[in-house]
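Show me the folded form of this:
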Amino acid sequence: MSSLSGKVLAIDAYNILYQFLATIRQKDGTPLLDAQGNITSHLNGLFYRTINYIESGLKPVYVFDGKPPELKAKELEKRQQIKVEAEKRYREALERGELEEARIYAQQTSRLSTSMVEDAKKLLQFMGIPYVQAPSEGEAQAAYIVQKGDAWASGSQDFDSLLFGSLRLVRNLAVTGKRKLPRKDVYVEVKPELIELNELLSYHGITREQLIIIGILVGTDYNPGGVKGYGAKKALKLVKELRNPEKIFRAVPWEFDVPPEKILELFLKPQVTDNYTITWREPDKEGVKRLLVDEHQFSLERVENALERLEKAFKMYFKQSSLESWFGF
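Numbers count the residues shown, from 1 in each chain. You can find the predicted model right below:
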């Protein structure tokens, strides 16, 4: 993580919050809850992980999703069905006393409510961490922020960030450290992973448009499952042979309601906004304590200790860098 020191990362907020909801759970799969029964796993992960970022000198800006494109409706419906089925299997596993199996299914049931998102935004505001509200896809907005030079890289697990044109993608920001493999007593080391878009395109001898077409053939959120019979290698081979989008799309059996050209257009010209400001501020410690301790019953001692770390890291990396830039160092 320290290799990212001084870098601004535009982090896909929904992507990382869902990761926290999936991973920060008790042994039986139950998420962290406050006294009122409200889920707090996402706030726990966001608070402590963001402090780790700041201590490493990383400068996070979180990007929140807006209204999803209409083309994504089928995928969202499919995800909802998966959650319903997972909830059923979760309850069945609990009844059998299979806690590890129950936890695996529980991870697939995560939902982000409006109030959970608003609490996440409040927490970031009190911590002095900037966030951007995207008009549509958060990944697209994050990629745009990188393209403009206001961030060095996108932070997400989703490779769509590259299709949207992010010059760099950093993965595994939420899951660094030791991670247990599902259903196995095996732990693996998970580290941040950097993918450079231009290096990727140069290595394969393709353009970004052709990369998007490969993504469409393999499958995106707008055509889940992709074209039958096409994996990454076969898609790359076809794209390099035919090169022209029209020829490529005519050469494959297209079975989706939405035309492939429309999906290509969505990645090339996504809905984004210039209406954002990225500024890091000194944390409002009392505001954080009101939200986490008073409203959600977090441990006062743990929160105060974490806030001391946040304040110290802020003074080290943000106040100092501001002074240096002021004096022209």
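
how about low-confidence regions in the stretch 1-150 of the chain?
Applying pLDDT under 70 to the stretch 1-150 of the chain flags residues 73-76, 79-80, 83-84, 86-87, 90, 92-94, 99-103, 105-109.

All the strands of it, in order from the start?
8-12, 59-64, 131-133 (DSSP state E, counting those that start in this stretch).

Deepest-packed of these, please.
The highest average neighbour count among the strands of the stretch 1-150 of the chain, using mean count of other Cβ atoms under 10 Å, belongs to strand 8-12 at a mean of 26. C-beta: built from backbone N, CA, C; applies to glycine.

Just want the angle from that one to strand 59-64.
With axes from the mean of the first three to the mean of the last three Cα atoms, to 10 degrees defining the directions, strand 8-12 sits at 30 degrees from strand 59-64.

What's the local residue count around residue 254?
Using other Cβ atoms under 10 Å, residue 254 has 15 other residues around it.

I'd guessed residue 194 sits against residue 169; true?
Yes. Using Cβ atoms under 8 Å, residue 194 makes contact with residue 169 at a distance of 7.4 Å.

Looking at these two, which one has more neighbours?
Set residue 194 next to residue 169 and count neighbours by other Cβ under 10 Å: residue 169 wins out with 27 against 13.

gap between that one and residue 152?
The gap separating residue 169 from residue 152 is 11 Å, by Cβ to Cβ, to the nearest Å.

same deal with residue 203?
21 Å.

more crowded one of the two?
Neighbours per residue, other Cβ under 10 Å: of residue 203 and residue 152, the larger number sits with residue 152, 18 against 9.

Find the nearest non-adjacent residue to the more buried one, please.
Leaving aside its sequence neighbours, residue 152 sits nearest to residue 7 (Cβ to Cβ, 6 or more residues apart in numbering; 4.2 Å).

how many other residues sit next to the one you found?
17.

For it, give me its contacts.
Counting by Cβ atoms under 8 Å, 6 or more residues apart in numbering, residue 7 touches 58-59, 152-153.

ok, then the element right after the helix or strand harbouring residue 215?
In this assignment (DSSP states H and E), residue 215 forms part of helix 208-218. Using DSSP H and E, the next helix or strand after helix 208-218 towards the C-terminus is helix 232-242.

Need the residues that contact that next one.
Taking contacts as Cβ under 8 Å, 6+ apart, the residues outside helix 232-242 that touch it are 204-206, 210, 213-214, 217-218, 230, 248, 251-252.

For that helix, buried residues please.
By 16 or more other Cβ atoms under 10 Å, the buried positions in helix 232-242 come out as 235-236, 238-239, 242.

How about stretch 267-282?
Result for stretch 267-282 [16+ other Cβ under 10 Å]: buried residues 267, 270, 272, 276, 280.

dump the residue contacts of the first one.
In this case it means residue 267. Applying Cβ under 8 Å, 6+ apart to residue 267 gives the contacts 160, 163-165, 212, 215.

overlap in contacts of residue 194 and residue 169?
Common neighbours of residue 194 and residue 169 (Cβ under 8 Å, 6+ apart) are residue 153.

State the distance from the closest residue in space to residue 260 that isn't next to it in sequence to residue 212.
Nearest residue to residue 260 in three dimensions, chain neighbours excluded: residue 249, at 4.6 Å (Cβ to Cβ, 6+ apart). According to Cβ to Cβ, residue 249 and residue 212 sit 12 Å apart.

Give me the more crowded residue out of the two.
Neighbour tally, residue 249 and residue 212, criterion other Cβ under 10 Å: the higher count belongs to residue 212, 26 against 19.

Quick check, the more buried one in contact with residue 269.
No. The pair residue 212 / residue 269 is not scored as a contact, 11.4 Å apart, by Cβ under 8 Å.

what's the model's confidence in stretch 194-212, averaged?
On average, the pLDDT along stretch 194-212 is 97.

Can you get me the start-to-end distance on it?
End-to-end span of stretch 194-212 (Cα to Cα, to the nearest Å): 19 Å.

Could you list the residues in contact with that stretch?
Here stretch 194-212 has contacts from 153, 162-163, 165-171, 214, 236, 239-240, 243, 245, 264, 267-268, using Cβ under 8 Å, 6+ apart.

when you check the residues you listed against the helices, which ones overlap?
162-163, 214, 236, 239-240, 245, 264, 267-268 (DSSP state H).

ok, what's across the strand from residue 188?
Assessed by DSSP bridges, residue 188 has beta-bridge partners residue 179.

That one: how many residues sit nearby?
9.

repeat for the one 3 residues further on
Residue 191 has 11 neighbours, counted by other Cβ under 10 Å.

Use 2 as the first number for this chain going forward.
OK, 2 is where the count begins now, so the last one is residue 192.
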